[in-house]
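Trainee: Got a predicted structure here, sequence first:
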Amino acid sequence: MTQLTLPRDQAGGDGARIEAVRQWWTLTMRGLGSIMRNGEVIFAFVSPAFLAVAFYVPLRSIMSQYADIDYAKFLMPIIALQSVGFVASSAAMRSCLDATTGITTRFRTMPVWSAAPILARFSANLVLLVISVVCAAIASLLTGWRPGGGLGGTIGLYALVLTVGIGVAVLSDAIGLLADSPETTSQAIGLPLLILGMLSTGFMPAILFPDWIAPFARNQPVSQFAKAMRAFDDGTATWSYVAPAVWWCVALIVGGAVLTYLGTRKVHR
């Protein structure tokens, strides 16, 4: 790793800003190297493909018969959102490992720009997010999905997915900072994502849920994201369709910012 120091004769000037950028770049490369070494890129390819096969193959005929839907088109949003969930778990584990293994504390003792580690993790998570979303799109295409909303609708669809991914990654990174162990982090991220994913309209329409759980399945955030994505994909997106998803994105980002602040304070104690 290159030396993460601030030049004494240039402190506070352009040299300080250049050094801060160098620190961010060095730490970002460190994060990307970790992603490659840990095989996370491979999982980014495998996860959406496994999800597509596991649900599309056994449920396609059932959904076509009872719900009269194109299941490849219907399943596309949840494949993309589950790839976002993979990035969330990865982001949380990475930040938690940095905190629990003493790396974050070591950075505090060095003349490192305080925001550099956070921004570097965000950059690495963003790269993994883009890779995961591209892999999810390929998996959806292989099941038979084809974009139906034109260029504008497709851009809106993936802009929403990336926004959700950014919000979830920021939130998960902050949870990793606050968690006391990687095992706790895994449970704190994985279990809620699993429950919300399975009890959503990502896999089947709300009408197929029992009456007592259908309102939750219809209105929870994963379902709202899937609804907005389908509206973009159908070319029928209006503000009333996408507004709940937008507000959930705002809530994720704000919540992530607040928890990041709390996590940073915990690290600096």
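Mentor: Thanks, I have it. Note that the coordinates shown come from a computational prediction; the quantities given were computed from them, not determined experimentally. Numbering: from 1, shown residues only.
Trainee: can you pull the pLDDT of residue 251?
Mentor: At residue 251, the pLDDT value in this model is 94.
Trainee: what sits against it?
Mentor: Neighbouring residues of residue 251 by CB atoms under 8 Å, 6 or more residues apart in numbering: residue 167. C-beta here means a position set from N, CA and C on the backbone, and glycine is covered the same way.
Trainee: So it versus residue 223, what's the distance?
Mentor: In this view, residue 251 and residue 223 are 15 Å apart by CB to CB, to the nearest Å.
Trainee: If you drop the residues flanking it in sequence, what lies closest to residue 184?
Mentor: Excluding the flanking residues, the one nearest residue 184 by CB to CB, 6 or more residues apart in numbering is residue 96, at 8.0 Å.
Trainee: Show me what the helix or strand in which the one you found is found is packed against.
Mentor: Assigned by DSSP states H and E, residue 96 falls within helix 71-100. Helix 71-100 is packed against helix 14-37, helix 40-66, helix 116-143, helix 150-178, helix 182-198, helix 221-234, with contacts defined by 3 or more CB pairs under 8 Å, 6 or more residues apart in numbering; DSSP states H and E.
Trainee: wait, the residue nearest to residue 184 sits on residue 187?
Mentor: No: under the criterion of CB atoms under 8 Å, residue 96 makes no contact with residue 187, lying 11.5 Å away.
Trainee: okay, these two: which has more neighbours?
Mentor: When residue 96 and residue 187 are compared for neighbours, residue 96 comes out ahead with 28 against 12, by other CB atoms under 10 Å.
Trainee: Could you pull up the contacting residues of that one?
Mentor: Shown in contact with residue 96 (CB under 8 Å, 6+ apart): 176, 177, 179, 181, 182, 184, 185.
Trainee: List buried residues within those.
Mentor: Buried members of the contacts of residue 96, scored by 16 or more other CB atoms under 10 Å, are 176, 177, 179, 182, 184, 185.
Trainee: The first one contacts residue 99, doesn't it?
Mentor: The one in question is residue 176. Yes: in this structure, residue 176 is within contact of residue 99 by CB under 8 Å, at 6.9 Å.
Trainee: Count the residues that sit near residue 202.
Mentor: 26.
Trainee: Under a three-state scheme, what state does it occupy?
Mentor: Under DSSP: H, G, I helix; E, B strand; the rest coil, residue 202 falls in the coil class.
Trainee: Let the chain start at 33 from now.
Mentor: Let's use 33 as the start, then, which means that last one is residue 234.
Trainee: tell me the pLDDT at it?
Mentor: Looking at residue 234, its pLDDT stands at 88.
Trainee: mind listing what the residue nearest to it when sequence neighbours are not counted touches?
Mentor: Excluding the flanking residues, the one nearest residue 234 by CB to CB, 6+ apart is residue 110, at 2.9 Å. For residue 110, the contacting residues are 83, 87, 229, 232, 234, 235, 254, 258, by CB under 8 Å, 6+ apart.
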